[in-house]
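# Task: produce atomic coordinates for the following.
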Amino acid sequence: MTTNHQEEKKRSGPLAHLRVLDLTQFLSGPYATQVLGDLGAEVIKVEPPEGDMTRRLPPHFVGSQSAYYLSVNRNKRSMAVDMKNPAGKAVVRDLALACDIVVENFRPGILKRLGLGYDDIAAQKPGIVWCSISGFGQEGPYRDRPAYDMIVQAMSGAMSLTGEPDGPPVRSGIPLGDIAAGMYGVVGILAAVMERDKTGRGKLIDVSMLDCQVAMLSYQAAYCLASDKAPDRQGRGHDSIPTYRAFTCGDGNDVVITANTERMWSGLCTALGRPDLVEEDRFRTNDRRYANRQALWEILESAFRGKPAAAWVEALLAAEVPAAVVNTLDRSLSDPQILHRNMVIGMTGPHGEQLRVAGNPVKFTGEAEPAYDYPPMLGVDNRTILSRLLDLSEERIEKLESEGAFGRKSETTAAR
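Reported below is the predicted structural model:
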């Protein structure tokens with residue numbers, strides 16, 4: 001369900017008392033601010049007059065907007081402002097002072113050169129919570145390097161773990177570098193807001209995409225540091241548990257199993273019709289199964305070829321062995337569990353556009369699923385925000401427009 005984006009509505013949710021200035025583009029920052037918006041915060045997205053470049057990113061569009069942009073910009077209002085123009089810069093400064101939180105993902109130093117950095121705003125509003133998301137953070141030898149998702153996947157070592165052991169490294173199919181930075185940014189913001197509620201003072205949160213990817217290495221980082229040896233690519237399995245793995249079944253579909261305990265190992269053998277494997281000396285314990293994993297995999301792969309994937313999942317679940325078919329996205333996004341959890345949501349745009357996107361995973365027990373605002377058209381909220389939030393008169397707004405605060409006249413008119 002959605003509301004018309006241009007209509008005023010009463011916000012609800014645990015963050016409904018917070019206002020966020022979103023100075024982000026592309027993915028990591030917009031993802032973070034969308035999470036805040038899903039939780040009820042008022043999010044004002046400020047874009048250059050030409051808009052966030054993802055509005056035009058191929059190959060898929062709903063109406064005139066890219067599906068990429070639409071996937072991470074719901075529950076926001078849009079302003080088109082030229083931050084390089086003195087009048088536009090003044091508007092952004094006033095907006096920051098009227099907000100509780102600022103999120104930006106410019107390269108380090110750019111906003112400071114414009115006089116719109118954290119120190120500039122915090123000097124006038126000490127309680128501001130400011131989250132800077134960048135490739136490498138605000139400090140360090142790489143701080144000025146440009147970075148995107150695949151860059152930090154590669155540099156962190158995460159990409160070296162992805163792919164078949166005898167094949168080349170492979171980028172994760174989902175943008176983990178961007179998404180992780182957005183999520184860690186939200187964690188930092190919420191922590192800073194809680195502290196500000198006690199002290200009255202805000203914080204500058206410095207989120208590095210590379211840092212986030214290294215944090216997500218988790219036990220793989222510990223393995224490397226403990227052994228002084230880099231782990232190999234993980235392929236279809238797990239570095240420690242030989243029965244945590246994908247297998248190809250008789251219909252060509254893959255099934256994954258996670259037989260992590262001795263009870264599950266016994267259940268796996270029973271489901272496969274090979275109870276003899278439980279007592280076989282080579283496979284009696286996980287350590288032995290690990291030492292003889294190549295031989296074990298050959299036996300299991302041969303067995304799994306005997307039935308279709310769905311039949312194996314049914315048999316394995318009956319034996320209390322966690323298992324699942326490896327879904328393609330079309331099957332995942334029509335799965336009854338995913339639909340039951342409202343993890344596919346529909347929205348209607350201002351011109352009747354029909355949009356479906358991935359939903360909000362944060363559910364509050366006993367509360368209905370909130371309504372979601374369709375992602376905004378560029379600059380559609382300029383006048384509303386300037387009037388309501390900054391208390392500017394129509395004459396003052398017209399003057400700002402004539403001064404180029406919102407870009408050239410043709411751009412501003414098109415943005416309305």
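# alpha carbons only for contacts and neighbour counts from here, please
Noted.
# Ile133 sits in which helix or strand?
strand 129-134 (DSSP states H and E).
# what does stretch 354-371 rub up against?
Contact with stretch 354-371 is made by 1-3, 12, 35, 38, 62, 70-71, 342-349, as judged by C-alpha atoms under 8 Å, 6 or more residues apart in numbering.
# got the CA coordinates for it in CSV?
Extracted in CSV, the C-alpha atoms of stretch 354-371 (Å, rounded to 0.1, in the frame of the first residue of the first chain):
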residue,chain,number,x,y,z
GLN,A,354,2.8,0.2,-10.4
LEU,A,355,5.9,-0.7,-8.5
ARG,A,356,6.9,-3.8,-6.6
VAL,A,357,10.1,-3.9,-4.5
ALA,A,358,11.7,-5.8,-1.7
GLY,A,359,10.1,-5.0,1.6
ASN,A,360,11.2,-3.9,5.1
PRO,A,361,12.5,-6.8,7.2
VAL,A,362,12.0,-5.1,10.6
LYS,A,363,8.6,-6.2,11.9
PHE,A,364,7.1,-5.0,15.1
THR,A,365,4.9,-7.6,16.7
GLY,A,366,1.3,-6.6,17.0
GLU,A,367,1.6,-3.7,14.6
ALA,A,368,0.2,-3.5,11.1
GLU,A,369,2.5,-3.2,8.1
PRO,A,370,3.0,0.5,7.5
ALA,A,371,2.0,2.4,4.4
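# Okay, buried residues for that stretch please.
Within stretch 354-371, the residues that qualify as buried are 355, 357, 359-360, 370-371, counting by 16 or more other C-alpha atoms under 10 Å.
# likewise stretch 223-235?
Within stretch 223-235, the residues that qualify as buried by neighbour count (16+ other C-alpha under 10 Å) are 233, 235.
# Walk me through the domains of the protein.
As assigned by automatic domain parsing, the chain contains the domains 2-216+335-415, 244-248+254-325.
# Among the buried residues of stretch 354-371, name the ones in strands.
The strands, defined by DSSP state E, take in 355, 357 from these.
# Nearest to Val313 among the buried residues of stretch 354-371?
Gly359 (26.6 Å; C-alpha to C-alpha).
# Of the contacts of stretch 354-371, grab the buried ones for PyMOL.
Typed into PyMOL, the line below selects the buried ones among the contacts of stretch 354-371, using 16+ other C-alpha under 10 Å:
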select buried, resi 2+3+12+35+38+70+71+342+343+345+346+347+348+349
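# ok, which pair from the buried residues of stretch 354-371 is furthest apart?
Taking C-alpha to C-alpha, no two of these sit farther apart than Leu355 and Pro370, at 16.4 Å.
# would you list every one of the strands in the stretch 201-350 of the chain?
Taking DSSP state E, counting those that start in this stretch to define them, one finds strands in the stretch 201-350 of the chain at 204-208, 244-248, 254-258, 323-325, 344-348.
# by contact count, what packs against the shortest one?
So that's strand 323-325. Strand 323-325 makes packing contacts with strand 254-258, helix 309-318 when contacts are defined by 3 or more C-alpha pairs under 8 Å, 6 or more residues apart in numbering; DSSP states H and E.
# Ok, the second one next?
Applying 3+ C-alpha pairs under 8 Å, 6+ apart, we find strand 244-248 packed against strand 254-258, helix 293-304.
# Which among these is found nearest to Ala180?
Of the helices and strands packed on strand 244-248, nearest to Ala180 by C-alpha to C-alpha is strand 254-258, at 24.6 Å.
# could you give the angle of the closest one to helix 293-304?
Between strand 254-258 and helix 293-304, the angle comes out at 130 degrees (axes from the mean of the first three to the mean of the last three C-alpha atoms, to 10 degrees).
# tell me the average confidence for strand 254-258?
For strand 254-258, mean pLDDT is 98.
# same for that strand, what does it pack against?
Here strand 254-258 touches strand 244-248, helix 309-318, strand 323-325, going by 3+ C-alpha pairs under 8 Å, 6+ apart.
# Give the pairing partners of that strand; include direction for each.
strand 244-248 (antiparallel), strand 323-325 (antiparallel) (DSSP bridges).
# Using a markdown table, lay out those strands together with mean pLDDT, mean neighbour count and distance to Ala147.
What follows is the strands paired with strand 254-258, written out as a markdown table (pLDDT from 0 to 100; neighbours: other C-alpha atoms under 10 Å; distance: least, C-alpha to C-alpha, whole Å):
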| stretch | mean pLDDT | mean neighbour count | distance to Ala147 |
| --- | --- | --- | --- |
| strand 244-248 | 98 | 20 | 33 |
| strand 323-325 | 98 | 21 | 35 |
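# Mind putting those strands into a markdown table with distance to Leu204?
A markdown table is the format used below for these (distance: least, C-alpha to C-alpha, whole Å):
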| stretch | distance to Leu204 |
| --- | --- |
| strand 244-248 | 41 |
| strand 323-325 | 43 |
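# Nearest to Val214, out of the ones you listed?
With C-alpha to C-alpha as the measure, strand 244-248 is the member of the strands paired with strand 254-258 nearest Val214 (23.3 Å).
# Appreciated, that's everything.
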